[in-house]
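Visitor: sequence-free structure coming up:
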């Protein structure tokens, strides 16, 4: 019995020594692999001691060894729990300190921007004087505006619903002040080309009919804004938030909307030819009669979009999700639709001719009267799979088309009309 008491005392003493070491040198806790390895070795030692005692000891000694094992395991579990709690508390404290630091930084930026109103007023007054005297804005006034916008750094608004995003209300106000001037198109173009309006806050603004061609608005906040019949060709709105915005009949050719959020947007009759839309979120968007010809719309989200009679000719749409979307009478001719999801989409009377349909997903898709001749698909049984995929209109397509093998690509087949 005295022997086992010595063992228990030794185990407790060992863990007390470990506790003292961790107290004196707490940075050891940062090396969790070392601590957990030490505890694992301790448990392994106790386990082998217990097995050895079971084999060579009396029943009384076996019982004592069992208690020793339980005590050792309890101590190890307790230390692990303490380490986890310390690590969790450290993480919470670090996050809190980072939040406080960010708030202080934002206060500093806001203080630096506090005099922007006077500077903005002075810059706008300078432009007005130029317009009165020369009917155009001087290069010095344009440089002044560009410099002012560059000094207005974006920051977080912690009392705002968009506190997780950087935002610049001042740049938004500066842009609106510029657009209120009755200036010539050349001066406005020079300001747009030389001024950075990134992160500008333009939520709910009315920008209908405005000429914003080539403007730099990456990561701007445009939720609820209206751009009906506006010109944003060649504009940079990468990463912008445009939720619930309106772009009806807007001119958006060659616009950069990469990774932008346009969910629930209204964009009927808009022109987005050759636009850069990779990674865009157009879920639940209204896109009827819009023209996306030659646009890049890869790995994008168009779920539940209403795009009836839209033009997607020669588009690159690799990996885009069109599930549950309305695509009646839409034209996808000559588009790359590889890995596109058409799940449960309505493609009645859609033109899918001469497309790359390899690995496209048509589960539960409505393909009534869809045109598909000249498109390439994967596998000789693709037409039969339409039935397995429960495609509406499958029998009609199977009656109108046959598959013709591609001699240059073993698993590739072309959809060919029976009457050809």
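Guide: Sure, I can see it. This is a predicted model, so every value here is computed, not measured.
Visitor: Going by C-alpha atoms from here, please, whenever you check contacts or count neighbours.
Guide: OK.
Visitor: Please point out which parts of stretch 183-191 sit buried.
Guide: Neighbour counts over stretch 183-191 (16 or more other Cα atoms under 10 Å) mark 183, 187-188, 190-191 as buried.
Visitor: Can you add distance to residue 275 and secondary structure and give these back as CSV?
Guide: Shown next, in CSV, are these (distance: Cα to Cα, whole Å; DSSP: H, G, I helix; E, B strand; the rest coil):
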residue, distance to residue 275, secondary structure
183, 28, coil
187, 26, helix
188, 23, helix
190, 22, helix
191, 23, helix
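Visitor: Pick the one among the residues you listed closest to residue 207.
Guide: Relative to residue 207, the closest of these is residue 188; by Cα to Cα it sits at 14.7 Å.
Visitor: That closest one: what's it in contact with?
Guide: Listed by Cα atoms under 8 Å, 6 or more residues apart in numbering, the contact set of residue 188 is empty.
Visitor: repeat for residue 193
Guide: Contacts of residue 193 were listed using Cα under 8 Å, 6+ apart, and they are 214-216.
Visitor: between the residues you listed, which has the most around it?
Guide: When neighbours are counted by other Cα atoms under 10 Å, residue 215 leads the contacts of residue 193 with 25 neighbours.
Visitor: From residue 200, how far off is that one?
Guide: 12 Å (Cα to Cα, to the nearest Å).
Visitor: Residue 395 belongs to a helix, doesn't it?
Guide: Yes. Residue 395 forms part of a helix when assessed by DSSP: H, G, I helix; E, B strand; the rest coil.
Visitor: What separation do you get for residue 329 and residue 370?
Guide: Shown here: residue 329 relative to residue 370, a distance of 8 Å by Cα to Cα.
Visitor: Between those two, which contacts overlap?
Guide: Common neighbours of residue 329 and residue 370 are listed as 347-351 (criterion: Cα under 8 Å, 6+ apart).
Visitor: How many residues are close by residue 200?
Guide: 29.
Visitor: OK, contacts around residue 396?
Guide: When contacts are counted by Cα under 8 Å, 6+ apart, residue 396 touches 368-369.
Visitor: Residue 415 now?
Guide: Counting by Cα under 8 Å, 6+ apart, the residues that residue 415 touches are 372-377, 401-404.
Visitor: Apply 7 Å and report the result again.
Guide: The contact partners of residue 415, taken as Cα atoms under 7 Å, 6 or more residues apart in numbering, are 372-376, 401-404.
Visitor: ok now do the residue nearest the centre of the chain, which residues does it touch?
Guide: In the chain, the residue lying closest to the centroid (Cα atoms, centre = their mean) is residue 259, at 6.0 Å. Applying Cα under 7 Å, 6+ apart to residue 259 gives the contacts 238-239, 278-280.
Visitor: Poorly predicted segments of the stretch 1-150 of the chain, please.
Guide: For the stretch 1-150 of the chain, the stretches flagged by pLDDT under 70 are 1-90, 93, 95-114.
Visitor: now with 90?
Guide: Where the stretch 1-150 of the chain drops to pLDDT under 90, the residues are 1-121.
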